[in-house]
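J.: Everything below, folded, please.
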Amino acid sequence: MKKFSCMAVLFSLLLITACSSESGKGQSFKEAHDAFETKLIREESDQNPVPEPPAGVFDLVYYDSEVGKLAAYVSSDPGENEKRPMMIWATGGWGNGLDEIAWSYPDWENDQTASAFREAGILMMYPSFRGGSGNPGNYETLFGEVNDIVSAYEYAASLPYVDPDRIYLGGHSTGGTRALLASEYTDQFRAVFSFGPVDDVSYHNASEFTFDIENKEEYRLRSPIHWLSDIKSPTFVIEGSAGNASNLKEIERQSKNENLQCFIVEDADHFSVLAPVTRLFAQKVIKDTGVEPDISLTEKELQTAMKQVPEKIYPLMKTYRNEMFGFGMEIPAIWEVFDESEDEADIMFASAYEGDNFWEASLLFSYVYEAESAVAFSEFIQYLNSEGDQYEGSEIDINGQKAFSAECLTYSSGISFYSKVIGIQKNGKFYEFWFDTPEEFWEDASIIFEQVIESITLK
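T.: The predicted structure follows:
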């Protein structure tokens, strides 16, 4: 009897251990997630400032969450007295804050802006998450951020100009994983578009993790592969064959959920799928107006989308005015103003980033100085060529004001630059606007330069 009792006790302990290791297996993702308390081994956050969005395009708002108010960019009210659909977009990367990606110039080979939805007339919300951009809380590496996405939905649904029945969710890379987890957690989103997620978070570099990496349950509750059956909203997972395709194949292999569709795009990578496929989804969202969601996707549609000719996409513009010197213009929203002072109109406009593209490699300088007498075009050209350059141009009209325009290919530090200079004289002042970009970017940059030039106004 004594021996039997010991064996019984041992069996009971093994059974309890086994049941314990399988905790939550009979629960939905929402139930398991809500019942679990994550253990953070590091309390990480950031105090990075939130850039001011371009007025009239996005508003900086703060939405309520379980940890407090979190920052977000939300499309400004279009003032049309009608409710529009909205896309909530989770950007990639491990950061939980906001930056200028919402109004950056889209790169066709790596368009993480999701601007295709905005260009199609769909409202946008870019939420930040706990611990980012001075928000309360700490980074939780795909755990509490899921709750924040649900809170973002609740905020969006409360806006008077948003159709609460047509709120969609999308994301790329880490944002794609967040979107997929959110689709497993809630059915509130009309449809979900997840680009390049992972199936199991353990594939990531553990140095990024703030949670207890010795606890397997921490991993399980951050890994979409374990909760695919909980997806109730139409959910589309997209990846390029040269991206995280193995992750997507495993999701597709394990899923028996008809609400989940997986697509691997041949001859594409983790980034190149974004520009063409977001444009395809944007058009589907616009047409999705019925009582029930009606969005589908075929391989043929994907192939057609990937073959489309890259669009010439214009960046968002913002208004700049210098009251001291009496001029204003529209400039790319990604550009910042440098060296501005009250005493001297010697100002540089440029991106704070250093990307290998025209919108971040181009510069605009403005100068204003006294002109005692009228300046002739010939004098303007002579002045420009005084350093040995070879500017050529003509007289033009800008908003009813006579102006001079000249262009020249110049060289500096072994790099050839294309320069365009605009000169305008008015009320005893001469205004110069110098546009510079590396020669390789001139074709695209000139389009934006013309937008700026056509918007110049003088008092």
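
J.: Any stretches of this structure with poor pLDDT?
T.: Low-confidence segments of the chain, defined by pLDDT under 70: 1-25, 340-344.

J.: and it, what are its domains?
T.: In terms of domains, the chain is parsed into 29-307, 317-458 (source: automatic domain parsing).

J.: so of those domains, which one's packed in deepest?
T.: Comparing the domains of the chain by mean neighbour count (mean count of other CB atoms under 10 Å), domain 29-307 ranks first with a mean of 19. (Glycine included, C-beta is placed from N, CA and C.)

J.: how far is that domain from where the chain is centred?
T.: 11 Å (CA atoms, centre = their mean, to the nearest Å).

J.: Tyr367 versus Phe430, what's the distance?
T.: Separation of Phe430 from Tyr367 (CB to CB, to the nearest Å) stands at 8 Å.

J.: secondary structure class for Gln451?
T.: Of the three states, Gln451 takes helix under DSSP: H, G, I helix; E, B strand; the rest coil.

J.: Now for the residue nearest to Asp99 when sequence neighbours are not counted: which residues touch it?
T.: Leaving aside its sequence neighbours, Asp99 sits nearest to Pro51 (CB to CB, 6 or more residues apart in numbering; 6.4 Å). Going by CB atoms under 8 Å, 6 or more residues apart in numbering, Pro51 touches 98-100.

J.: now swap in Tyr63 and tell me
T.: By CB under 8 Å, 6+ apart, Tyr63 lies in contact with 69-70, 72, 127, 151-152, 154-155.

J.: Can you give me the first-to-last residue distance of stretch 282-300?
T.: Across stretch 282-300, the terminal residues are separated by 17 Å (CA to CA, to the nearest Å).

J.: which residues sit against it?
T.: With contacts defined as CB under 8 Å, 6+ apart, stretch 282-300 is touched by 85, 87, 116-117, 119-122, 166, 168, 190-191, 233-234, 236, 261, 263, 280-281.

J.: redo that, cut-off 7 Å
T.: 85, 116-117, 120-122, 168, 190-191, 234, 236, 261, 263 (CB atoms under 7 Å, 6 or more residues apart in numbering).

J.: What of stretch 234-242?
T.: With contact meaning CB under 7 Å, 6+ apart, stretch 234-242 is reached by 180, 183, 191-197, 245, 248, 251, 259-270, 272-273, 277, 293, 295, 297.

J.: Equivalent analysis for stretch 28-36, please.
T.: Contacts of stretch 28-36 (CB under 7 Å, 6+ apart): 24, 146, 184-185, 217, 221, 227, 230.

J.: Just the ones in helices from these, please.
T.: 146, 184-185, 217 (DSSP state H).

J.: how much space between the closest residue to Asp163 other than its chain neighbours and Tyr203?
T.: Nearest-residue entry for Asp163: Lys83, 3.9 Å, with adjacent residues in sequence omitted and distances by CB to CB, 6+ apart. Lys83 is 40 Å from Tyr203, where distance means CB to CB.

J.: same deal with Glu299?
T.: The value you get for Glu299 to Tyr203, if CB to CB is used, is 26 Å.

J.: can you check Glu450 too?
T.: 46 Å.

J.: Next: Thr304.
T.: Distance, Thr304 to Tyr203, using CB to CB: 32 Å.

J.: do Glu336 as well
T.: Taken as CB to CB, the span from Glu336 to Tyr203 is 37 Å.

J.: ditto for Ala120
T.: Taking CB to CB, one finds Ala120 at 33 Å from Tyr203.

J.: Same question for Cys408.
T.: Cys408 is 52 Å from Tyr203, by CB to CB.

J.: what's the answer for Thr177, then?
T.: 10 Å.

J.: Would you confirm that Met86 belongs to a strand?
T.: Yes: assessed with three-state DSSP, Met86 lies in a strand.

J.: So it sits against Gly170, correct?
T.: No: counting by CB atoms under 7 Å, Met86 does not reach Gly170; the two are 11.0 Å apart.

J.: List the contacts of Ser366.
T.: Contacts for Ser366 were tallied using CB under 7 Å, 6+ apart; they are 345, 347, 432-433.

J.: What of Thr186?
T.: With CB under 7 Å, 6+ apart, Thr186 has these contacts: Val150.

J.: Wasn't Gln283 part of a helix?
T.: Yes: assignment of Gln283 by three-state DSSP places it within a helix.

J.: From Ile448, how far off is it?
T.: According to CB to CB, Gln283 and Ile448 sit 26 Å apart.

J.: again with Asp165
T.: Asp165 is 38 Å from Ile448, by CB to CB.

J.: and if you look at Gly328?
T.: Gly328 is 17 Å from Ile448, by CB to CB.

J.: Please apply the same query to Met124.
T.: Separation of Met124 from Ile448 (CB to CB): 22 Å.

J.: Over to Ala275?
T.: For Ala275, the distance to Ile448 - CB to CB - is 18 Å.

J.: thought Phe417 was touching Glu439?
T.: Yes: in this structure Phe417 lies within contact range of Glu439 using CB under 7 Å: 6.4 Å.

J.: got the contact list for whichever strand or helix holds Thr437?
T.: Here Thr437 sits within strand 429-438, counting by DSSP states H and E. For strand 429-438, the external contacting residues (CB under 7 Å, 6+ apart) are 327, 358, 361-371, 375, 415, 417-424, 445, 449, 456, 458.

J.: can I assume Gly176 is in contact with Gly196?
T.: Yes: at 4.9 Å, Gly176 and Gly196 qualify as touching, with contact defined as CB under 7 Å.

J.: if we can go back for a sec, I'd like the contacts of Ser366 written out as JSON lines, with distance to Asp212 added.
T.: As requested, the contacts of Ser366 are arranged in JSON lines below (distance: CB to CB, whole Å):
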{"residue": "Ala345", "distance to Asp212": "57"}
{"residue": "Ile347", "distance to Asp212": "51"}
{"residue": "Glu432", "distance to Asp212": "61"}
{"residue": "Phe433", "distance to Asp212": "57"}
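
J.: List just the nearest of those residues to Thr38.
T.: The nearest member of those to Thr38, counting by CB to CB, is Ile347 at 48.3 Å.

J.: SS state for that closest one?
T.: Classified using three-state DSSP, Ile347 is strand.

J.: Among the contacts of Tyr63, name the ones in strands.
T.: Using DSSP state E, 69-70, 72, 127 are the members of those that sit in strands.

J.: got CSV for these, with distance to Leu40 too?
T.: Output for these, formatted as CSV (distance: CB to CB, whole Å):
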residue, distance to Leu40
Lys69, 21
Leu70, 18
Ala72, 23
Pro127, 21
